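*Asks:* no sequence on this one, just coordinates:
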């Protein structure tokens, strides 16, 4: 009976909620309000849940009822009481009633269905906004522009010195994607408090810019005040400051189709790690150099009979055939297997591969810092200079990075630029030596304990590869230019040739034995015509 009545009650409540929601949406068209507060994709949440779920401060409906976060309720009530004491003519109930009128608009911002009635949601928003505004006043960039003094009871949470651990925990919580409330709610509360829309907007802009300056690892860029207020919530504001808009990106430089669609033979040679054209060119150059020597043996070879010359040419033809046969044998099975694997890889997986900072430095590449966001990344192929924006890393950086990636995945309609930037940095940073070079070059400002921690941060971000990336043209162009420059260095070519061909290929050893055999046969043929003692 109990289970049956509970089920009937839930159904009745659901029907009433749907009816009220539809009635309100008829009065106010919420279809034009885009969803902006999402749940973290399961592929990301399952790997590192601690980076996406609040540890102390729940904001909004997604985590509000968690028992382990219930202690923050008293601090929210304290902030609400302080706010109520500052109201000039209204009380807190009047504020809640104004938020009730915004309930359809608030509900439309959330991706997940909210099983809450209008009044509950309005009270939740009022309490959360009260606490959040009191916290954000710490980051107001204008002097003497505060809502109220922090009470003694909350000094361990709201720390103007920004040094206490509880303050850092809350700072992490308010940047999490599932822990956002709409920005227009904060505007409504400030307007209700200050009795002026202009004053409320100025105060909110000051708070947002101060917070973003604290959280952004890049140097802040100037933003128009009107654009700041266009953002959906705090995380959206931070994303817009750190990540360039598509229309602000550098113009994509395209390459010829011929270069992109190379012949199958060249792709096989590169994929196998053995550049057979390079082998043949080296042997040809060696033969030409030796033949120009004016010593006894070479004089004899130059004066050799036509039969000997034809035999040597025949042997060289056989050698060429062996080289080509080796290439074709290598290309049959591995190519099919490679093509099968490429279909399973995320887009641009091959293009993500990029040499590390140490490897690039060893080939003459210099790293120079830029002041700005991701849009300033560039590679000068003529001067071999890699321009990378200055970045400051601290204990909050990984929380910020992961939630920005999650937000970009959920919300971005264009290229996932920030996720691509994370892949780029993960590619060029492998060890603490890479971090040291960037730190000494003025690119990384390390506020963590060691360079190894920074390397671990970037390498740990590779777990975000569970999401499927899209093209980010200007970053893809940088990666392509860096790889072209690096692979064109003779030092790299020789190293790759020795590594993949000499030490890892039995076919090359077979080829080398064939060359020695042909040389011995050539010497034998030579000695049948000219007695070898004449050479001495």
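*Replies:* Yep, that arrived. In this text the structure is predicted, and so the values were computed from the model without any measurement.

*Asks:* use CA for all of it now, contacts and neighbours both
*Replies:* Fine.

*Asks:* List the buried residues in stretch 376-390.
*Replies:* With burial defined by 16 or more other CA atoms under 10 Å, the residues of stretch 376-390 counted as buried are 376, 377, 378, 379, 384, 385, 386, 387, 388, 389, 390.

*Asks:* buried set for stretch 202-218?
*Replies:* Of the residues in stretch 202-218, those buried by neighbour count under the rule 16+ other CA under 10 Å are 203-213, 215-218.

*Asks:* looking at the protein, which helix or strand does the model trust least?
*Replies:* helix 257-260 (a mean of 38; mean pLDDT, DSSP states H and E).

*Asks:* can I see the domain layout of the protein?
*Replies:* Domains of the chain are assigned by automatic domain parsing as 12-242, 349-498.

*Asks:* tell me the mean pLDDT over the helix or strand where residue 84 lies?
*Replies:* Here residue 84 sits within helix 72-86, counting by DSSP states H and E. Averaging pLDDT along helix 72-86 gives 90.

*Asks:* by contact count, what packs against it?
*Replies:* Counting contacts by 3 or more CA pairs under 8 Å, 6 or more residues apart in numbering; DSSP states H and E, helix 72-86 is packed against helix 118-136.

*Asks:* buried ones in the helix it packs on?
*Replies:* For helix 118-136, the neighbour count (16+ other CA under 10 Å) marks 118, 121-136 as buried.

*Asks:* what angle separates that helix from helix 72-86?
*Replies:* Here helix 118-136 runs at an angle of 80 degrees relative to helix 72-86 (axes from the mean of the first three to the mean of the last three CA atoms, to 10 degrees).

*Asks:* what does helix 118-136 contact?
*Replies:* Contact with helix 118-136 is made by 59-61, 75-77, 79-80, 83, 95-97, 99-100, 103, 147-148, 150, 158, 181, 185-186, 189, 207-208, 211, as judged by CA atoms under 8 Å, 6 or more residues apart in numbering.

*Asks:* Restricted to strands, list the residues you listed.
*Replies:* Residues from the contacts of helix 118-136 lying in strands, with DSSP state E as the criterion: none.

*Asks:* Where does pLDDT dip in the stretch 401-536 of the chain?
*Replies:* The stretch 401-536 of the chain contains residues with pLDDT under 70 at 463-470, 491-509, 530-536.

*Asks:* how does it look with 50?
*Replies:* Low-confidence segments of the stretch 401-536 of the chain, defined by pLDDT under 50, span residues 535-536.

*Asks:* show me where it has helices.
*Replies:* Here the stretch 401-536 of the chain has its helices, by DSSP state H, counting those that start in this stretch, at 417-428, 432-440, 451-460, 473-488, 490-497, 506-529.

*Asks:* Return the most buried member of the ones you listed.
*Replies:* Compared across the helices of the stretch 401-536 of the chain, helix 417-428 shows the largest average neighbour count, a mean of 20 (mean count of other CA atoms under 10 Å).

*Asks:* can you list the residues that contact that one?
*Replies:* 243, 352-357, 374, 404-405, 408, 434, 458-459, 461-462, 469, 472, 475, 479.

*Asks:* Can you say which of those are buried?
*Replies:* Neighbour counting over those (16+ other CA under 10 Å) leaves 243, 352-357, 374, 404-405, 408, 434, 458-459, 461, 469, 472, 475, 479 as the buried ones.

*Asks:* Kindly give a single PyMOL line that selects the buried subset of the contacts of helix 118-136.
*Replies:* Restricted to buried positions by 16+ other CA under 10 Å, the PyMOL selection for those reads:
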select buried, resi 59+60+61+75+76+77+79+80+83+95+96+97+99+100+103+147+150+158+181+185+186+189+207+208+211
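
*Asks:* Pop out the phi and psi values for residue 138.
*Replies:* Main-chain torsions, residue 138, degrees, to the nearest 10: phi -60, psi -30.

*Asks:* swap that for residue 379, please
*Replies:* According to degrees, to the nearest 10, residue 379 has phi -130, psi 120.

*Asks:* With the one 10 residues further on instead?
*Replies:* Backbone torsions for residue 389, taken as degrees, to the nearest 10, come to phi -70, psi 140.

*Asks:* before we move on, back to that, from the buried residues of stretch 376-390, which ones fall inside strands?
*Replies:* Among these, the members found in strands (DSSP E) are 378, 379, 385, 386, 387, 388, 389.
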